[in-house]
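Trainee: with the input below, show me the fold.
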Amino acid sequence: MLDTLLATLGEAWTITLIGLSGGLVLGLAARLGRFCTLGMIEDVHYGHDRARLWMWGVALGAAMTVNFTAEAAGLIRLHEAIYLMNGFTLAGAAIGGLMFGYGMAQAGNCGYGMLARLGGGDLRAMVIAVVMGIAAYVALSGPLAALRARLFPFEPHPEAAQGWAHWLGEATGLAPWAIGGALGLVLILAAGGALLRSGHWKELFWAAAAGSAISSGFLGTAWVANTGFEPWLVQSHTFTAPVGDSIRYAMFSSGLQPDFAIGSVAGVLIGAFIGSLIRDGFRWEACDDPRELKRQMGGAILMGFGAVIAAGCSVGQGLSALSLLSFHAPVVALAIWLGAWFGLRQLIEGLGLAREV
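Mentor: Numbering: from 1, shown residues only. Below is the predicted model:
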């Protein structure tokens, strides 16, 4: 069946469909399951509610378990994934993560959350997402690209996976898939048990669905890369530079081909739109306070720069890379959390501009 799909659609559209399918699930998880990074951090520090933290744990555990189990079954070679094939600087991971987290708090959500809000009719999210996507390209391949590459270089390491499971496997003699799979199961049992004890069945379902969507990206792109003839990246969902990719494709599609990132962005928008219709109805919203929009646009610029420096966003590093146990993913995830906490504290406790209503 998959071979027929590849032969019918071609490699580019097949990999786009894979991204769209996973993005669709993530869009639904955001609207119906309230799966959100910034919401999780705010709940923990100010809402005294850890349900969304446990959701993130289940999603991470599910993705991790599927990824490493798939490697054990010979369905994927995880060291070919972009997050394990490249080495990034510790400074880039920390500084980029802090920039992204603080910008996320100022903007009111991350790239993934902005797309989910836009799918529900929030025009403010469209402005912020566009600014973020353009800022990412300024640092990725625009005027600041040379400076960014000099300050925060990365080097390909195709000979050895840049991940903790593979490093521990070499040190202990255990199979990397056993280490990663066991840790994933522990996360599922611990976080899933906490959700069940508090009666959050719906949240458990959507967290598992989000984690499966992350794994579907790695498995799907690996299958196309190993079955087809074009050099596709083995990757999964991330939502900063791909927004810029989608803007670029919308303007120049006659000279470009679609890819996983573009499908992923479109999928979240479609899933969020469907989810908004199911949950509380699609409705248009706009910004009625220029000061709020100015702050949010500033946060979007920080997110765009930070995600490129850190090589990923709250989903790209916090779920996709972390589910592979990449060396730098824990640093980026912690830095994003700290940056977001400081940004929220500044807004909520009156140390800066008023909190967004």
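Trainee: skip the chain neighbours and tell me the closest residue to the most centrally placed residue in the chain.
Mentor: Centroid-nearest residue in the chain, with C-alpha atoms, centre = their mean: V315, separated by 2.0 Å. Leaving aside its sequence neighbours, V315 sits nearest to Y112 (C-beta to C-beta, 6 or more residues apart in numbering; 4.9 Å). Yep, even glycine has a C-beta here, placed from its N, CA and C like the rest.
Trainee: surely that neighbour is within a strand?
Mentor: No - assignment of Y112 by DSSP: H, G, I helix; E, B strand; the rest coil gives helix, placing it outside any strand.
Trainee: wait, what's in contact with it?
Mentor: L26, A30, T37, H237, F239, V268, C313, S314, V315 (C-beta atoms under 8 Å, 6 or more residues apart in numbering).
Trainee: equivalent analysis for L53, please.
Mentor: Neighbours of L53 in contact, by C-beta under 8 Å, 6+ apart: M40, D43, V44, A191.
Trainee: how deep is the first one tucked in, by neighbour count?
Mentor: Spelled out, that is M40. Residues near M40, counting by other C-beta atoms under 10 Å, number 24.
Trainee: quick check: closest non-adjacent residue to it.
Mentor: R52 (3.9 Å).
Trainee: if I look at the residue of the chain most remote from its centre, how far off is I179?
Mentor: The centre of the chain is farthest from one residue, G173, which by C-alpha atoms, centre = their mean lies 31.6 Å away. Using C-beta to C-beta, to the nearest Å, we find G173 at a distance of 11 Å from I179.
Trainee: could you do G163 as well?
Mentor: 10 Å.
Trainee: ok, these two, which is more surrounded?
Mentor: G163 (25 against 20).
Trainee: next up, the contacts around the more buried one.
Mentor: Here G163 is in contact with L78, H79, Y83, L84, P176, L324, L325, S326, F327 (criterion: C-beta under 8 Å, 6+ apart).
Trainee: using JSON lines, please lay out the contacts of Y112 together with secondary structure.
Mentor: Formatted as JSON lines, these follow (three-state DSSP):
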{"residue": "L26", "secondary structure": "helix"}
{"residue": "A30", "secondary structure": "helix"}
{"residue": "T37", "secondary structure": "helix"}
{"residue": "H237", "secondary structure": "coil"}
{"residue": "F239", "secondary structure": "coil"}
{"residue": "V268", "secondary structure": "helix"}
{"residue": "C313", "secondary structure": "coil"}
{"residue": "S314", "secondary structure": "coil"}
{"residue": "V315", "secondary structure": "coil"}
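Trainee: which single one of these is nearest to T14?
Mentor: Nearest to T14 out of these is H237 (C-beta to C-beta; 16.7 Å).
Trainee: pretty sure the closest one is touching S320, no?
Mentor: Yes - between H237 and S320 there is a contact under C-beta atoms under 8 Å: 5.9 Å.
Trainee: spit out the residues that contact these two alike.
Mentor: With C-beta under 8 Å, 6+ apart as the test, H237 and S320 both reach I214, G217.
Trainee: helices or strands up against the longest helix along the chain?
Mentor: If you go by DSSP state H, the chain has its longest helix at helix 201-227. Applying 3 or more C-beta pairs under 8 Å, 6 or more residues apart in numbering; DSSP states H and E, we find helix 201-227 packed against helix 2-9, helix 11-32, helix 51-72, helix 176-197, helix 260-279.
Trainee: chain center to it: distance?
Mentor: Distance, stretch centre to chain centre, for helix 201-227: 12 Å (C-alpha atoms, centre = their mean, to the nearest Å).
Trainee: average pLDDT for it?
Mentor: For helix 201-227, the mean pLDDT works out to 97.
Trainee: buried ones in it?
Mentor: Across helix 201-227, burial judged by 16 or more other C-beta atoms under 10 Å covers 203-225.
Trainee: for the closest residue to S326 other than its chain neighbours, give me its contacts.
Mentor: Of all residues not flanking S326 in the chain, Y83 sits nearest, at 4.4 Å (C-beta to C-beta, 6+ apart). Y83 makes contacts with Q162, G163, A311, G312, Q317, S320, A321, L324, S326, A329, as judged by C-beta under 8 Å, 6+ apart.
Trainee: just those: which are in strands?
Mentor: Judged by DSSP state E, strands contain none of those.
Trainee: centre of the chain to stretch 150-164, how far?
Mentor: 20 Å.
Trainee: same thing with stretch 282-291?
Mentor: 25 Å.
Trainee: so what's L2 scoring on pLDDT?
Mentor: Per-residue pLDDT puts L2 at 69.
Trainee: and what of F282?
Mentor: You'll see F282 listed with a pLDDT of 88.
Trainee: please apply the same query to V357.
Mentor: So, for V357, pLDDT stands at 34.
Trainee: got it, and M303?
Mentor: 98.
Trainee: so it, which of the three states?
Mentor: Put simply, M303 is helix when judged by three-state DSSP.
Trainee: what average pLDDT does the strand or helix carrying P242 get?
Mentor: Assessed by DSSP states H and E, P242 sits inside helix 241-252. The average pLDDT for helix 241-252 rounds to 96.
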